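Colleague: Build the 3D model from these lines:
(2 chains)
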Amino acid sequence: SQKIEQNSEALNIQEGKTATLTCNYTNYSPAYLQWYRQDPGRGPVFLLLIRENEKEKRKERLKVTFDTTLKQSLFHITASQPADSATYLCAHSGGSSNTGKLIFGQGTTLQVKP
Amino acid sequence: GAGVSQTPSNKVTEKGKYVELRCDPISGHTALYWYRQSLGQGPEFLIYFQGTGAADDSGLPNDRFFAVRPEGSVSTLKIQRTERGDSAVYLCASSLSPGAYEQYFGPGTRLTVT
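Modeller: This next block holds a predicted model:
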(Lines give C-alpha, C1' and ligand atoms only; values in the text may rest on other atoms or scores of the structure.)
Protein backbone atom coordinates (compact mmCIF):
# COMPACT_ATOMS: atom_id res chain seq x y z
CA SER A 1 0.00 0.00 0.00
CA GLN A 2 1.06 3.62 -0.40
CA LYS A 3 2.38 4.42 3.05
CA ILE A 4 3.82 7.65 4.32
CA GLU A 5 5.06 8.00 7.86
CA GLN A 6 5.89 10.89 10.12
CA ASN A 7 7.14 10.81 13.67
CA SER A 8 3.96 10.74 15.72
CA GLU A 9 5.74 11.94 18.84
CA ALA A 10 5.56 15.66 19.47
CA LEU A 11 8.74 17.65 18.90
CA ASN A 12 9.59 20.17 21.60
CA ILE A 13 12.34 22.71 20.97
CA GLN A 14 13.57 25.99 22.33
CA GLU A 15 12.88 29.26 20.51
CA GLY A 16 15.68 30.15 18.10
CA LYS A 17 16.70 26.56 17.42
CA THR A 18 16.18 24.68 14.15
CA ALA A 19 13.30 22.23 14.06
CA THR A 20 13.71 19.19 11.79
CA LEU A 21 10.74 16.99 10.93
CA THR A 22 10.97 13.70 9.04
CA CYS A 23 8.71 12.13 6.45
CA ASN A 24 9.35 8.59 5.14
CA TYR A 25 7.51 6.79 2.39
CA THR A 26 7.58 3.22 1.12
CA ASN A 27 6.77 1.08 -1.86
CA TYR A 28 7.32 3.51 -4.70
CA SER A 29 8.54 6.99 -5.59
CA PRO A 30 6.06 9.85 -5.69
CA ALA A 31 6.33 12.56 -8.31
CA TYR A 32 6.29 15.24 -5.62
CA LEU A 33 5.86 15.89 -1.93
CA GLN A 34 4.01 18.70 -0.22
CA TRP A 35 4.23 20.04 3.31
CA TYR A 36 1.28 21.64 5.10
CA ARG A 37 0.78 23.33 8.45
CA GLN A 38 -2.37 22.69 10.46
CA ASP A 39 -3.51 24.64 13.51
CA PRO A 40 -6.18 23.21 15.87
CA GLY A 41 -9.67 23.48 14.46
CA ARG A 42 -8.48 24.63 11.04
CA GLY A 43 -7.78 23.10 7.67
CA PRO A 44 -4.21 22.47 6.50
CA VAL A 45 -2.32 25.39 4.92
CA PHE A 46 0.14 24.76 2.09
CA LEU A 47 3.80 25.54 2.79
CA LEU A 48 6.08 23.99 0.18
CA LEU A 49 6.09 21.57 -2.76
CA ILE A 50 9.19 19.69 -3.89
CA ARG A 51 9.40 17.57 -7.03
CA GLU A 52 11.27 14.29 -7.44
CA ASN A 53 14.00 15.92 -9.52
CA GLU A 54 14.65 18.62 -6.89
CA LYS A 55 16.92 17.97 -3.94
CA GLU A 56 16.05 21.05 -1.92
CA LYS A 57 13.52 23.89 -1.78
CA ARG A 58 13.57 26.99 0.41
CA LYS A 59 11.06 29.60 1.44
CA GLU A 60 12.05 32.18 4.02
CA ARG A 61 12.90 30.21 7.20
CA LEU A 62 11.67 26.93 5.73
CA LYS A 63 13.70 24.32 3.89
CA VAL A 64 12.59 20.99 2.48
CA THR A 65 14.79 18.21 1.12
CA PHE A 66 13.77 15.20 -0.94
CA ASP A 67 16.00 12.12 -1.00
CA THR A 68 14.55 9.57 -3.43
CA THR A 69 17.24 7.03 -2.52
CA LEU A 70 16.37 7.09 1.17
CA LYS A 71 12.66 7.64 0.34
CA GLN A 72 12.66 10.50 2.79
CA SER A 73 11.87 14.21 3.04
CA LEU A 74 13.16 16.48 5.78
CA PHE A 75 11.44 19.72 6.74
CA HIS A 76 13.47 22.35 8.57
CA ILE A 77 12.36 25.54 10.31
CA THR A 78 15.32 27.73 11.21
CA ALA A 79 15.26 30.35 13.98
CA SER A 80 12.03 28.81 15.26
CA GLN A 81 9.45 30.97 17.02
CA PRO A 82 6.56 30.11 19.36
CA ALA A 83 4.23 31.08 16.48
CA ASP A 84 5.64 28.11 14.53
CA SER A 85 3.95 25.75 17.02
CA ALA A 86 1.48 23.65 15.02
CA THR A 87 1.06 20.23 13.42
CA TYR A 88 3.02 19.74 10.22
CA LEU A 89 1.76 17.32 7.60
CA CYS A 90 3.71 15.67 4.83
CA ALA A 91 1.80 14.48 1.76
CA HIS A 92 2.73 12.81 -1.48
CA SER A 93 1.11 12.37 -4.83
CA GLY A 94 0.80 8.62 -4.71
CA GLY A 95 1.36 6.82 -7.96
CA SER A 96 -0.14 9.56 -10.08
CA SER A 97 1.35 12.96 -10.72
CA ASN A 98 -1.61 14.37 -12.61
CA THR A 99 -4.64 14.19 -10.32
CA GLY A 100 -3.46 16.02 -7.25
CA LYS A 101 -4.78 13.29 -4.96
CA LEU A 102 -2.68 13.52 -1.82
CA ILE A 103 -1.75 10.81 0.64
CA PHE A 104 -0.94 12.34 4.01
CA GLY A 105 1.19 11.25 6.91
CA GLN A 106 -0.28 11.42 10.39
CA GLY A 107 1.48 14.70 11.14
CA THR A 108 4.07 15.79 13.67
CA THR A 109 3.18 18.34 16.34
CA LEU A 110 5.85 20.95 16.94
CA GLN A 111 5.96 22.94 20.17
CA VAL A 112 8.39 25.87 20.29
CA LYS A 113 9.00 27.10 23.81
CA PRO A 114 9.97 30.76 24.47
CA GLY B 1 -10.62 36.89 -2.26
CA ALA B 2 -12.64 34.35 -0.39
CA GLY B 3 -11.13 31.02 0.47
CA VAL B 4 -12.77 27.63 0.52
CA SER B 5 -15.86 27.59 2.68
CA GLN B 6 -17.68 24.63 4.17
CA THR B 7 -21.08 24.37 5.78
CA PRO B 8 -22.13 23.49 8.34
CA SER B 9 -19.10 23.87 10.58
CA ASN B 10 -20.55 21.30 12.97
CA LYS B 11 -23.16 18.63 12.42
CA VAL B 12 -24.53 16.27 15.05
CA THR B 13 -26.78 13.52 13.79
CA GLU B 14 -28.24 10.27 15.00
CA LYS B 15 -27.06 6.92 13.76
CA GLY B 16 -28.96 5.90 10.65
CA LYS B 17 -29.75 9.44 9.47
CA TYR B 18 -28.75 11.06 6.17
CA VAL B 19 -26.42 14.08 6.07
CA GLU B 20 -25.18 16.50 3.43
CA LEU B 21 -21.98 18.49 3.73
CA ARG B 22 -21.37 21.43 1.42
CA CYS B 23 -18.17 22.85 -0.03
CA ASP B 24 -17.71 26.17 -1.87
CA PRO B 25 -14.31 26.12 -3.58
CA ILE B 26 -12.27 29.11 -4.64
CA SER B 27 -13.74 30.63 -7.78
CA GLY B 28 -12.00 29.35 -10.90
CA HIS B 29 -10.50 26.28 -9.28
CA THR B 30 -11.32 23.29 -11.46
CA ALA B 31 -10.08 20.59 -9.11
CA LEU B 32 -11.96 19.80 -5.89
CA TYR B 33 -11.09 17.20 -3.27
CA TRP B 34 -12.79 15.73 -0.23
CA TYR B 35 -10.77 14.31 2.65
CA ARG B 36 -11.72 12.90 6.03
CA GLN B 37 -9.62 13.47 9.13
CA SER B 38 -9.86 11.56 12.40
CA LEU B 39 -8.32 12.81 15.62
CA GLY B 40 -4.56 12.55 15.61
CA GLN B 41 -4.40 11.45 11.98
CA GLY B 42 -3.66 13.13 8.70
CA PRO B 43 -6.40 13.78 6.16
CA GLU B 44 -7.52 10.68 4.23
CA PHE B 45 -8.46 11.09 0.58
CA LEU B 46 -12.08 10.36 -0.35
CA ILE B 47 -12.86 11.71 -3.84
CA TYR B 48 -11.55 14.10 -6.48
CA PHE B 49 -13.54 16.12 -9.03
CA GLN B 50 -12.20 17.64 -12.20
CA GLY B 51 -14.96 19.99 -13.30
CA THR B 52 -18.30 18.26 -12.87
CA GLY B 53 -17.08 14.69 -12.99
CA ALA B 54 -15.68 12.52 -10.25
CA ALA B 55 -12.28 11.60 -11.68
CA ASP B 56 -11.23 9.43 -8.74
CA ASP B 57 -13.57 8.11 -6.06
CA SER B 58 -11.29 5.34 -4.87
CA GLY B 59 -11.20 6.71 -1.33
CA LEU B 60 -14.92 6.51 -0.64
CA PRO B 61 -15.21 3.85 2.08
CA ASN B 62 -18.46 2.26 0.86
CA ASP B 63 -21.63 2.94 -1.10
CA ARG B 64 -23.18 4.96 1.71
CA PHE B 65 -20.90 7.82 0.64
CA PHE B 66 -21.60 9.82 -2.49
CA ALA B 67 -20.54 13.25 -3.74
CA VAL B 68 -21.69 15.53 -6.54
CA ARG B 69 -20.51 18.71 -8.21
CA PRO B 70 -23.27 19.38 -10.78
CA GLU B 71 -22.09 22.77 -12.07
CA GLY B 72 -18.38 22.41 -11.57
CA SER B 73 -18.17 24.66 -8.53
CA VAL B 74 -20.06 23.82 -5.31
CA SER B 75 -19.83 20.21 -4.18
CA THR B 76 -21.95 18.22 -1.76
CA LEU B 77 -20.79 15.12 0.10
CA LYS B 78 -23.72 12.90 1.01
CA ILE B 79 -23.67 10.17 3.63
CA GLN B 80 -26.59 7.77 3.96
CA ARG B 81 -27.44 5.64 7.01
CA THR B 82 -24.72 7.27 9.08
CA GLU B 83 -22.73 5.15 11.51
CA ARG B 84 -20.78 6.17 14.60
CA GLY B 85 -17.57 5.34 12.73
CA ASP B 86 -18.35 8.12 10.26
CA SER B 87 -17.64 10.70 12.97
CA ALA B 88 -14.70 12.80 11.81
CA VAL B 89 -13.80 16.17 10.34
CA TYR B 90 -14.60 16.30 6.65
CA LEU B 91 -12.27 18.62 4.75
CA CYS B 92 -12.74 20.05 1.31
CA ALA B 93 -9.88 21.43 -0.78
CA SER B 94 -9.61 23.03 -4.19
CA SER B 95 -6.75 23.73 -6.54
CA LEU B 96 -6.28 25.72 -9.72
CA SER B 97 -5.71 22.57 -11.70
CA PRO B 98 -5.13 18.90 -10.93
CA GLY B 99 -1.58 17.74 -10.44
CA ALA B 100 1.34 19.33 -8.66
CA TYR B 101 -0.46 22.39 -7.35
CA GLU B 102 -1.03 23.55 -3.84
CA GLN B 103 -4.40 22.70 -2.40
CA TYR B 104 -6.45 25.25 -0.48
CA PHE B 105 -8.40 23.69 2.35
CA GLY B 106 -11.59 24.80 3.97
CA PRO B 107 -12.04 24.79 7.75
CA GLY B 108 -13.85 21.47 7.67
CA THR B 109 -17.17 20.15 8.91
CA ARG B 110 -17.03 18.27 12.19
CA LEU B 111 -19.52 15.41 11.93
CA THR B 112 -20.60 13.62 15.09
CA VAL B 113 -22.85 10.59 14.82
CA THR B 114 -24.51 9.67 18.13
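
Colleague: Quick one: name the residues of chain B near chain A.
Modeller: Taking CB under 8 Å from any CB of the partner chain as the test, the list of chain B residues beside chain A reads B:4, B:31, B:33, B:35, B:40-45, B:48, B:50, B:55-56, B:59, B:91, B:93, B:95, B:97-108. The way it works is simple: take the backbone N, C-alpha and C, and place the C-beta from them, glycine included.

Colleague: So which residues make contact with stretch A:49-65?
Modeller: Residues outside stretch A:49-65 that contact it (CB atoms under 8 Å, 6 or more residues apart in numbering or on different chains) are A:29-35, A:47-48, A:66-68, A:73-80, B:100, B:102.

Colleague: hang on, isn't B:Tyr35 packed against B:Phe45?
Modeller: Yes. If you go by CB atoms under 8 Å, B:Tyr35 and B:Phe45 touch, sitting 5.7 Å apart.

Colleague: Contacts only, for the closest residue in space to B:Gly40 that isn't next to it in sequence.
Modeller: Counting by CB to CB, 6 or more residues apart in numbering or on different chains, the nearest residue to B:Gly40 once its immediate chain neighbours are dropped is A:Gln106, at 6.9 Å. Contacts for A:Gln106 (CB under 8 Å, 6+ apart) come out as A:5-6, A:8, B:40-42.

Colleague: Same check on A:Asp67?
Modeller: Neighbours of A:Asp67 in contact, by CB under 8 Å, 6+ apart: A:55, A:73-74.

Colleague: again, but for B:Pro61
Modeller: Remark: with contacts taken as CB under 8 Å, 6+ apart, B:Pro61 is in contact with B:Leu46.

Colleague: pretty sure it is in a helix, no?
Modeller: No. The assignment for B:Pro61, made by DSSP: H, G, I helix; E, B strand; the rest coil, is coil rather than a helix.

Colleague: any idea how far it lies from B:Arg36?
Modeller: 8 Å (CB to CB, to the nearest Å).

Colleague: who touches both of those two?
Modeller: In contact with both B:Pro61 and B:Arg36: B:Leu46, using CB under 8 Å, 6+ apart.

Colleague: Report the beta-bridge partner residues of the nearest residue to B:Ala100 once chain neighbours are set aside.
Modeller: Leaving aside its chain neighbours, B:Ala100 sits nearest to A:Tyr32 (4.9 Å; criterion: CB to CB, 6+ apart). Taking DSSP bridges as the rule, A:Tyr32 bridges to A:Arg51.

Colleague: and A:Tyr32, how many neighbours does it have?
Modeller: If you count neighbours by other CB atoms under 10 Å in any protein chain shown, A:Tyr32 ends up with 19.

Colleague: Can you tell me how far it is from A:Gly100?
Modeller: Distance, A:Tyr32 to A:Gly100, by CB to CB: 10 Å.

Colleague: shared neighbours, those two?
Modeller: Residues touching both A:Tyr32 and A:Gly100 by CB under 8 Å, 6+ apart: A:93, B:100.

Colleague: and the residue nearest to the spatial centre of chain B, backbone torsions?
Modeller: In chain B, the centroid-proximal residue (CA atoms, centre = their mean) is B:Trp34; its distance is 3.3 Å. Per-residue torsions, B:Trp34: phi -120, psi 140 (degrees, to the nearest 10).

Colleague: which residues touch it?
Modeller: B:23, B:45-48, B:67, B:75, B:77, B:90-92.

Colleague: how close does it sit to A:Ser73?
Modeller: 25 Å.

Colleague: returning to what we had before: closest one of the contacts of B:Trp34 to B:Ser9?
Modeller: Set against B:Ser9, the nearest of the contacts of B:Trp34 by CB to CB is B:Tyr90 (10.9 Å).
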